[in-house]
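1. Coordinates for the following, if possible.
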Amino acid sequence: AIGTTTQDASATSMTTSTTGTTARLSAEKLIETLPHERDLGVTSLWPEVRKLFGHHTELVCLTSITTRSSISAMDGGDGVELEEEELVLVASSCKARDMEHASIRVWDVHRGMCVDVLKEGHKSTVVALSFSQNGTYLASSGKDRRLCIWRRRRQQQQHQQQR
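-> A predicted model of the protein is given here:
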């Protein structure tokens, strides 16, 4: 089958040329709106809010969880009122060549401090971390081929290892 058209061949090439020019102008406008390389070091989509210090070498992995817990408080009228508290925890590990540095640090983001250091579970670098959905457990795996499950004690906000 042979296709036929009533359009002039020169009109078709003009339409294509105009479309190509429009696409080129759109690309040029897009490039103009992108940040320049010199600005990337200063401007960020994720501005730094807080630094947490404590590891002796570079980080290998981290995980975080946001949990909500109800706390009872006296309301002054001898009644008990429940308040909801948000807790954001970050667990991190760093490169380790020995057991001393093969630890996991657990951070309270709102307070900006390390609330626990989990030691003696691994003999080498911890390479994977994951909290349970409710934040009660933290699983860790290391280059030493160990899998540790840590349980958080709610009252003291500390962890203990379950084997």
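2. rest of the way, CA atoms for contacts and neighbours
-> OK.
3. what about the nearest residue to Phe131 once chain neighbours are set aside, helix or strand, and which?
-> Once flanking residues are discounted, Phe131 sits nearest to Leu138: 4.4 Å by C-alpha to C-alpha, 6 or more residues apart in numbering. Applying DSSP states H and E as the criterion places Leu138 in strand 137-142.
4. Quick check: neighbours of that strand in the sheet, parallel or antiparallel?
-> Sheet partners assigned to strand 137-142 using DSSP bridges are listed as strand 126-131 (antiparallel), strand 147-153 (antiparallel).
5. what about the helices in the protein?
-> Assigned by DSSP state H, the chain shows helices spanning 9-33, 37-40.
6. Flag the shaky bits of this structure, pLDDT-wise.
-> Applying pLDDT under 70 to the chain picks out residues 1-23, 25, 39-44, 69-82, 154-163.
7. do that again at 90, thanks
-> Within the chain, the set of residues satisfying pLDDT under 90 comprises 1-59, 67-87, 97-101, 109-112, 134-135, 152-163.
8. Pull the contacting residues for Ser141.
-> Applying C-alpha atoms under 8 Å, 6 or more residues apart in numbering to Ser141 gives the contacts 126-129, 147-148.
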